[in-house]
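In: When you get a sec, could you give me coordinates for this:
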Amino acid sequence: MRYRFLGQTPIQVSTVGFGAWAISGDFTWGAQDERDAEAAIRTALEEGVTFFDTAPAYGEGRSETLLGRVLAPVRHRVVIATKVPPTSLEPKALRASCEESLRRLNTEYVDLLQIHWPNPKADMEAAFETLLSLQSAGRIRAFGVSNFGCRDLAPILKHPEWVPATNQLAYSLLFRAIEYEIQPFCVKQKISILCYSPLVHGLLTGKFTSADEVPVERARTRHFSKNRPHTRHGEAGAEAETFAAIAAIREVARELEEPMANIALAWLLAQEGVASVLVGMRNAIQARRNARAGQLALPPAIIRKLSDMTQ
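Out: Below is the predicted model of the structure:
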């Protein structure tokens, strides 16, 4: 496993992080056996994963509670990140959300507290000042944001003390929108990028060869037709293009004799500004397989090839 620093902080994390949404068991992921979830966490630790990312919204607190219970004996050697809902950015509500997360996580402090989504109606000056106050009080070590674009981050240009350590963004071989504006912005401001949905709900594991094989509860993004049962967009989708790209990536993985998921994660870790990829791990087998992507360094020619085929 390799390790990188978050922004300009002294906090170092594993390049493969444990994304703890899936272990909560919800509509998107389905029921989760707690014994499997606990085994996934412990196996990830054995494989060198030190970074665990969760949120109050994941299973209505179940994810935080589960992590808190399993990580308690090793709290001193792990980095825990959680979030505050966009509806809780008023100072009193933000503090309350943080304290509730600390209680569920069974810890005196959280290493990274992130604003989960932008809220254009919120007083962001008050929100960032509250985060600084929580940091000064030792309740959080650092703060970050999630899903913030350049406009959302514009205020930090006038207030350097508000610069977040991280910005958690959807980024993968199949979703590269951040490369146009927000990735260069984060690199310039020395804000580390944390990649969520790096395997696009399992598409980049290679286990699905057509759109019809994808469970309907996961076939909701703009990769899929608007005619899929749970989509909320009104677009045609890009199913043919998506699965053509997946087939091409699968061929590269076959040539390298590496799991397709690890190829996808290693490509992300080669991109500028990326500190860690947050991967769902629902059992010990997935945890061991995904964690090993942290050791894989792709040749520059392969990185360019993957980039070209997914533009």
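
In: how about Phe243, what does it touch?
Out: With contacts defined as Cβ atoms under 8 Å, 6 or more residues apart in numbering, Phe243 is in contact with Phe208, Thr209, Ser210, Ala211. Glycine gets a C-beta too; all of them are placed from N, C-alpha and C.

In: what's the spacing between the residue nearest to Val163 when sequence neighbours are not counted and Ala293?
Out: Of all residues not flanking Val163 in the chain, Ile156 sits nearest, at 5.0 Å (Cβ to Cβ, 6 or more residues apart in numbering). According to Cβ to Cβ, to the nearest Å, Ile156 stands 31 Å off from Ala293.

In: tell me which residues form a beta bridge with the residue most central in space within the chain?
Out: Geometric centre of the chain, nearest residue: Tyr196, 2.8 Å, by Cα atoms, centre = their mean. On the basis of DSSP bridges, Tyr196 is bridged to Ala170.

In: quick one on the thing from earlier: show me which pair in the contacts of Phe243 is furthest apart.
Out: Using Cβ to Cβ, the contacts of Phe243 reach their maximum pairwise distance at Thr209 and Ala211, which is 9.4 Å.

In: re earlier: mind giving me the ChimeraX command for buried ones among the contacts of Phe243?
Out: This is the ChimeraX syntax for the buried subset of the contacts of Phe243, where burial follows 16 or more other Cβ atoms under 10 Å:
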select :208,211
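
In: ok, Ile156 and Ala293, which is more surrounded?
Out: Ala293 (24 against 18; other Cβ atoms under 10 Å).

In: mind listing what the more buried one touches?
Out: Taking Cβ under 8 Å, 6+ apart, we find Ala293 in contact with Val16, Ala261, Asn262, Leu265, Ala266, Leu269, Val277, Val279.

In: just those residues now: which is nearest Ala297?
Out: Nearest to Ala297 among the contacts of Ala293, counting by Cβ to Cβ, is Ala266 at 6.8 Å.

In: picking up where we left off before, SS state for the residue nearest to Val163?
Out: Following DSSP: H, G, I helix; E, B strand; the rest coil, we place Ile156 in the helix state.

In: Distance check, it against Ile191.
Out: Using Cβ to Cβ, Ile156 is found at 9 Å from Ile191.
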